[in-house]
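Student: pasting the sequence and the predicted model now:
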Amino acid sequence: MAVAETNYAFVPPDVTVLSVSQLNAKVRSDLEAGYKSVWVEGEISNFKLHTSGHAYFSLKDEESCLKAVIYRGQLSKLPVGFEPKDGLDVVATGYLTIYQARGEYQIQVSRMYPKGIGAAELALRQLREKLSRLGYFDTRRKRRPPRFPRYVALVSSATGAAVRDMIKILGRRWPAAKVFVRPSRVQGEGAAEELAEAIIQINRWKTQKLCPTDVIILGRGGGSSEDLDAFNQEVLAQAIFASKIPIVSAVGHEVDVTIADLVADVRASTPSHAAEIVAPDRGEIICQVQACAERMSAAQTQRFRLLLRRLEDLASRRVLREPLDPIRERERALDDWSERLARVMQTRLSQTRSKLDASAAQLESLSPLNVLGRGYSMTSAEATGKLIQSADQVKVGERIITRLREGRIVSRVEETETTSNKPE
């Protein structure tokens with residue numbers, strides 16, 4: 001082992017100063033010699049199968065976490081049917097070593113056996129079942145974010161790369177949207193409660209008309225299962241479920257699916273993807289508007305030409321070239337009917353006059369006045385107006401009226417004389 005230069009005035013002469021690599025190599029040697037074979041039980045988390053065929057993961061319990069690696073040769077010798085994955089409780093054996101480049105100690109697993117579902121995974125499954133029964137995952141209650149948002153709220157770490165990426169993409173795709181960040185911790189103790197409070201506060205701001213937020217993006221970058229634990233808490237799921245504002249969840253990478261993803265209205269594979277979902281592409285919208293404008297212009301031109309042809313067709317019709325002709329034809333027809341009506345009326349009038357004259361002549365022949373014209377007269381009592389046909393109907397001194405053909409005579413009876421018309 002090469003020893004580092006020790007010409008330091010402040011270092012005691014009997015002390016050897018080691019480089020980091022030397023120290024890691026010494027610890028690795030001592031660790032491998034002291035822990036040649038250990039057995040350990042824990043829950044698998046962050047299990048990743050590399051393209052080389054080696055598997056990297058962690059073993060954890062309620063208080064601690066241990067890095068682990070199992071190489072391809074040992075991985076192929078696992079019990080038949082046993083497929084390591086996150087959440088499984090296992091018992092593993094191997095030796096302790098150090099990954100010298102990072103100075104991380106780990107167990108290099110030679111054999112591993114399944115024990116069952118880990119406590120953390122079991123609790124997570126039970127929570128998912130509970131929320132599913134309550135309808136938190138029901139797709140019918142989920143809403144689509146508005147197509148053209150005006151206000152976008154980002155709930156994330158203020159210093160993380162995820163929030164910077166989202167702000168950049170939102171600004172590039174849809175500059176009309178106003179973006180503000182409600183900072184919150186995204187991992188560690190109390191992070192779930194802080195995220196839930198952020199969502200509740202943004203909803204309260206909208207109710208109070210302080211900030212008319214259209215959509216919320218809940219996001220963070222990728223991480224281990226432990227890093228994403230805040231997004232698997234019931235308190236955050238309740239806040240997302242109760243939100244009146246659509247929420248897009250963008251937690252971790254595409255392979256990471258948290259309870260927050262399942263409850264949210266829309267799940268994005270990454271924070272960048274969430275920004276692309278929320279913000280329409282300005283360039284595409286401009287192209288669509290231009291295409292619509294061109295289609296409208298073409299449609300208007302076609303419509304104009306169609307109407308022009310119809311107008312020309314109508315203008316060529318006789319009824320429009322000589323609009324008074326139908327009226328004049330009807331005037332002529334009206335004149336004809338007037339003449340016919342006049343002739344009919346004249347004929348009817350003549351016939352009626354002839355009938356009237358005949359009736360008048362007949363009445364004249366039967367009229368009492370006509371009799372009087374031949375020298376006869378009619379006498380009636382002045383008092384009663386009754387015709388006098390016999391001398392017995394009047395008394396001496398009574399006034400009588402005699403009607404002649406022309407005029408009348410009023411006289412008083414001086415004497416009556418009755419004659420009998422009976423034969424002797």
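Tutor: Right, received. Where do you want to start? From a predicted model like this one, the values you see are computed outputs, not experimental measurements.
Student: only C-alpha atoms from now on, for both contacts and neighbour counts.
Tutor: OK.
Student: sec struct for Arg147, please.
Tutor: Counting by DSSP: H, G, I helix; E, B strand; the rest coil, the backbone at Arg147 sits in coil.
Student: so who does Val90 touch?
Tutor: By C-alpha atoms under 8 Å, 6 or more residues apart in numbering, the contact list for Val90 reads Glu41, Gly42, Glu43, Ile44, Met112, Tyr113, Pro114, Lys115, Gly116.
Student: what do you get if the cut-off is 6 Å, keeping everything else the same?
Tutor: Val90 makes contacts with Glu41, Gly42, Tyr113, Pro114, Lys115, as judged by C-alpha atoms under 6 Å, 6 or more residues apart in numbering.
Student: just the helices in the stretch 51-200 of the chain please.
Tutor: Taking DSSP state H, counting those that start in this stretch as the criterion, the stretch 51-200 of the chain contains helices spanning 72-75, 119-133, 161-173, 191-207.
Student: and Val344, what's its pLDDT?
Tutor: Val344 carries a pLDDT value of 91.
Student: now it: how far from Ser338?
Tutor: Distance of Val344 to Ser338, given as C-alpha to C-alpha, to the nearest Å: 10 Å.
Student: okay, now the unreliable bits of this structure?
Tutor: When residues are selected by pLDDT under 70, those of the chain lie in 1-7, 80-81, 116-119, 252-256, 367-375, 420-424.
Student: which parts of it are strands?
Tutor: Along the chain, the segments classed as strands by DSSP state E run 38-49, 55-60, 65-70, 88-99, 104-117, 151-156, 178-183, 215-220, 247-251, 266-267, 378-381, 399-403, 408-412.
Student: who's in contact with the shortest one?
Tutor: Meaning strand 266-267. Against strand 266-267 from outside (C-alpha under 6 Å, 6+ apart): Val248, Ser249, Asp261.
Student: again, only this time at 10 Å
Tutor: Strand 266-267 has contacts (C-alpha atoms under 10 Å, 6 or more residues apart in numbering) with 139, 142-145, 217-218, 246-251, 254, 257-258, 260-261, 273-274, 277-278.
Student: show me the helices in the stretch 301-424 of the chain, by range?
Tutor: Assigned by DSSP H, counting those that start in this stretch, the helices in the stretch 301-424 of the chain fall at 318-321, 325-366, 368-372.
Student: same for the second one, what does it pack against?
Tutor: I take that to be helix 325-366. In terms of contacts (3 or more C-alpha pairs under 10 Å, 6 or more residues apart in numbering; DSSP states H and E), helix 325-366 is packed against helix 318-321, helix 368-372.
Student: okay, the shortest one in PDB with CA atoms only?
Tutor: Which is helix 318-321. This file holds the C-alpha atoms of helix 318-321, laid out as PDB (Å, rounded to 0.1, in the frame of the first residue of the first chain):
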ATOM      1  CA  ARG A 318     -87.700  37.200 -66.100                       C
ATOM      2  CA  VAL A 319     -89.500  37.900 -62.900                       C
ATOM      3  CA  LEU A 320     -86.500  40.000 -61.700                       C
ATOM      4  CA  ARG A 321     -85.700  41.500 -65.200                       C
END
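Student: distance between that helix and the chain's centre?
Tutor: 51 Å (C-alpha atoms, centre = their mean, to the nearest Å).
Student: just stretch 264-271 next, same as before
Tutor: Mean-position distance between stretch 264-271 and its chain equals 21 Å (C-alpha atoms, centre = their mean).
Student: again, but for stretch 146-160
Tutor: Its chain's average C-alpha position is 22 Å from that of stretch 146-160, according to C-alpha atoms, centre = their mean.
Student: break the protein down into its structural domains.
Tutor: According to automatic domain parsing, the chain comprises the domains 20-117, 135-280, 286-331, 372-411.
Student: would you turn these into CSV with distance to Ala361?
Tutor: Listed next are the domains of the chain as CSV, based on distance: least, C-alpha to C-alpha, whole Å:
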stretch, distance to Ala361
domain 20-117, 134
domain 135-280, 103
domain 286-331, 44
domain 372-411, 15
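Student: just give me the neighbour total for the nearest residue to Lys206 once chain neighbours are set aside.
Tutor: In this structure, Lys206 finds its nearest non-sequential neighbour in Pro212, 4.9 Å apart by C-alpha to C-alpha, 6 or more residues apart in numbering. Pro212 is flanked by 17 other residues according to other C-alpha atoms under 10 Å.
Student: now do Gln300
Tutor: Residues near Gln300, counting by other C-alpha under 10 Å, number 12.
Student: also Tyr71?
Tutor: Under the neighbour criterion other C-alpha under 10 Å, Tyr71 is assigned a count of 17.
Student: okay, now the nearest residue to it once chain neighbours are set aside: neighbour count?
Tutor: Computed as C-alpha to C-alpha, 6+ apart, the closest residue to Tyr71 that is not its neighbour in sequence is His54, at 4.4 Å. For His54, the neighbour count with other C-alpha under 10 Å is 15.
Student: ok so, going back, which one, of the helices of the stretch 301-424 of the chain, ends up nearest to Arg303?
Tutor: Nearest to Arg303 among those is helix 318-321; the distance by C-alpha to C-alpha comes to 22.6 Å.
Student: now for that closest one, which elements pack on it?
Tutor: By 3+ C-alpha pairs under 10 Å, 6+ apart, helix 318-321 packs against helix 282-315, helix 325-366.
Student: now those helices as a markdown table including distance to Ser411?
Tutor: Formatted as a markdown table, those follow (distance: least, C-alpha to C-alpha, whole Å):
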| stretch | distance to Ser411 |
| --- | --- |
| helix 282-315 | 93 |
| helix 325-366 | 28 |
